[in-house]
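A.B. asks: I'd like to go over a predicted model; first the sequence, then the structure.
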Amino acid sequence: MAYLELKSIKKSFGLTQVVKSFDLAVDKGEFVSFLGPSGCGKTTVLRMIAGFETASSGTIEVDGQEISHLPPAKRKIGMVFQAYALFPNMTVAQNVGFGLKLAGIPAEETRVRVAEMLEMIKLPHLGDRYPYQLSGGQQQRVALARALAVRPKILLLDEPLSALDAKIRVSLREEIRALQREMGITTIFVTHDQEEALSISDRIVVMHEGIADQIGTPFEIYNTPKTKFAASFVGTLNLLEATVVDPGLSRLSIDGHEVTSTSPITAPVGAKCTVALRPEAVVIGPAHSSDRNQMVGTAEEISFLGAVVRVRVRFGDHAVSIDTFNDPNTPPPLRGTHVAVTFRREDLLVLESSGTNPPAGAATARRHEMA
Amino acid sequence: MKKSRFGPWIAVTIGILYFLLPLLATFEFSLKMKRGIYSFEAYRVVLADPHFQASFTYSTVMALLTIVLGILIIVPTVYWVQLRLPHLRPIIEFITLLPLVIPAIVLVFGYLRMYNSSSWLPLTGSAETTNILLLFAYVTLALPYIYRAVDTGMRAIDVRTLTEAAESLGASSWTILIKIVLPNVRVAVLSGAFLTFAIVIGEFTIASLLDRPVFGTYLQLMGANRAYEPSALAIIAFAVTWAAMVLMQVVGRDRRAAKPAH
Ligand SMILES: Nc1ncnc2c1ncn2[C@@H]1O[C@H](COP(=O)(O)OP(=O)(O)OP(=O)(O)O)[C@@H](O)[C@H]1O
Ligand SMILES: [Mg+2]
């Protein structure tokens, strides 16, 4: 049975529905990321779990117990904020010990536990400093230690790394993950950075306009996005418009090329649907076997990225980005030449419509890339 | 260019003379109680006067009570307005400005009408209840200063996030107010407190009409009947007020408590 369970959570602010029927089950010790663009409701869902907002409807259960009616102070849920939120009037040690003191833990035990926590976040000597004497990264570690010191049932992190610079972001996210594994604490991590989510999560919830678009492991989310939104938000997928030729055989037509997919197609003949193709799934050169799909187009742009060469090939209305490993013996095609490209049937993903379009920003970025 | 160097100096000098000359003259006069020599005789007489001691103590106690009551009312109010009722801020701000635009004399006449001995709440009936009424009046007078100081102090910290962080660690609202909010607006609260102290020590109108033995009425009484002592008193009153202002500046310089997170 799931440790944290959100059942058809809804939230409206006035007339705008910000969260629309959100369901999620998180296992004990699991690390789940909420990934989605700005304004999709990540923070709102997190704040409902913490108790800072009340859901308009739905239930939240932790360890089989409904907690919706409890005030935040009674939920035993730790929270780490983007702005660190350390208490400026207290030293690092007092900050970390604050929750322990409130819980009535004896002073000596508190001291030992605080020292332990400071050791864990690798700041054992900074107990007497005040928050303003620390760097951003150090402050956020202290905030993490403060949240974990009371051994909460669940740890919530709302974009804890976005105020830090890129290098610290990467090292701190790995530390957070290591600490989370060590303590076995059930964690929800909010981010709008797909690389961050893909690299540290057990599972990712791709959020879009107040719903969970897709929930799955990073592997699933990246390789088999279910919706157009998930596909466009995660990774650098090629999204193409296709026409259904034969739903039974999963045959489609893209810019006049007939191709086959292994995804089931529910749409009727002649209907339009969106398909996705990962750049690394496409190979340049004619097909050697008939079960690979082949398309012929014109090499439009070649970018040499070092280990990887990205080639953009145009077929009528569409352009497809292709990533190939750099091979000194096979130079990439020249600009303007005709090239044949092939890909496996399994790699052509037919996407479900998520009912809504991706946000303007994502769609524009995509169109720009394919133009 | 050269001229503009002197301009400010001249202005400052005139300003200083304007404020300092009367003060110096008063001080000089206060030293002349004994014929022919400068002495602190007037101060000795004043300080030894039991009426002075009584009225000064009374005003000091009043000032301290005003500060305590003012803080107890205003800090939680500002906190809740900031946290839960931000849309009420303009209304609260308007209310806190009223004591600045309504003259004290109007305020006290209002009080006398509302709370006279034949009203439904006869606060002016006895000395004790009149003291309470005076205290309330002083809290009202101090409202703009304490409110503004506390409000500014609280805007400098992210009250909402700090509150939520504390809540998620199991803190009650009361704990948050005492352990988190108050320490972080300590500087602001103190500066409001010193300002209040200075105002209450010198207050005359309300106390006089409510017939309470404050320092201000003692000062007025002496001024009407003596020559040298009032000057000494004026200097003492000035020194007290000035000390309060200096203390306000000193605590205001301690930046440790109010440093934002970034
Ligand atoms: N207290 C509130 N009152 C009204 N609307 C709100 C409130 N809080 C959030 N919203 C709205 O709810 C939507 C979702 O907000 P939320 O903060 O959950 O987004 P988010 O996914 O965390 O975005 P970001 O990545 O920018 O933090 C936004 O459109 C926001 O304007
Ligand atoms: Mg957010």
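C.D. replies: That came through fine. Ligands and ions are numbered 1, 2, ... in the order given.

A.B. asks: which parts of chain A sit against chain B?
C.D. replies: A:50-52, A:71-79, A:81, A:83-89, A:98-99, A:102-103, A:130-132, A:136, A:139, A:143, A:146-147, A:150, A:152, A:163 (Cβ under 8 Å from any Cβ of the partner chain). Where C-beta positions appear, they are placed from N, C-alpha and C, glycine not excepted.

A.B. asks: out of these, list just those in helices.
C.D. replies: With DSSP state H as the criterion, helices contain A:50, A:98, A:99, A:102, A:136, A:139, A:143, A:146, A:147 from among the residues of chain A next to chain B.

A.B. asks: the first one touches residue A:158, doesn't it?
C.D. replies: Read that as residue A:50. No: in this structure, residue A:50 is not within contact of residue A:158 by Cβ atoms under 8 Å, at 9.1 Å.

A.B. asks: pLDDT, distance to residue B:215 and neighbour count added to the ones in helices among the residues of chain A next to chain B, as TSV?
C.D. replies: Putting those into TSV (pLDDT from 0 to 100; distance: Cβ to Cβ, whole Å; neighbours: other Cβ atoms under 10 Å in any protein chain shown) gives the following:
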residue	pLDDT	distance to residue B:215	neighbour count
A:50	95	53	21
A:98	96	44	26
A:99	94	48	25
A:102	93	44	17
A:136	92	52	17
A:139	95	49	23
A:143	95	50	27
A:146	95	49	31
A:147	95	53	25
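
A.B. asks: show me the strands in the stretch 251-371 of chain A, by range?
C.D. replies: Assigned by DSSP state E, counting those that start in this stretch, the stretch 251-371 of chain A shows strands spanning A:251-254, A:257-260, A:272-277, A:283-284, A:292-304, A:308-315, A:318-325, A:338-344, A:349-350.

A.B. asks: repeat for the stretch 51-200 of chain B
C.D. replies: Using DSSP E, counting those that start in this stretch, strands in the stretch 51-200 of chain B do not occur.

A.B. asks: got the contact list for the closest residue to ligand 1 within the stretch 101-250 of chain B?
C.D. replies: Using Cβ to the nearest ligand atom, the closest approach of the stretch 101-250 of chain B to ligand 1 is made by residue B:160 at 10.7 Å. Shown in contact with residue B:160 (Cβ atoms under 8 Å, 6 or more residues apart in numbering or on different chains): B:82, B:83.

A.B. asks: swap in residue A:207?
C.D. replies: A:34, A:35, A:36, A:40, A:41, A:42, A:45, A:213.

A.B. asks: picking up where we left off before, closest to residue A:323 out of the ones in helices among the residues of chain A next to chain B?
C.D. replies: Set against residue A:323, the nearest of those by Cβ to Cβ is residue A:136 (34.6 Å).

A.B. asks: isn't that closest one up against residue A:84?
C.D. replies: Yes: contact criterion Cβ under 8 Å: residue A:136 and residue A:84 qualify, at 7.2 Å.

A.B. asks: shared neighbours, the two?
C.D. replies: With Cβ under 8 Å, 6+ apart, residue A:136 and residue A:84 have common neighbours residue A:163.

A.B. asks: if we can go back for a sec, could I get the pLDDT score of the residue of the stretch 101-250 of chain B closest to ligand 1?
C.D. replies: Looking at residue B:160, its pLDDT reads 92.

A.B. asks: which strand or helix spans residue 240?
C.D. replies: I'll assume chain A. Assigned by DSSP states H and E, residue A:240 falls within strand A:238-246.

A.B. asks: oops, chain B please
C.D. replies: helix B:228-253.

A.B. asks: how about that helix, does it reach chain A?
C.D. replies: No: using Cβ under 8 Å from any Cβ, we find that helix B:228-253 stays clear of chain A, coming within 14.3 Å at best.
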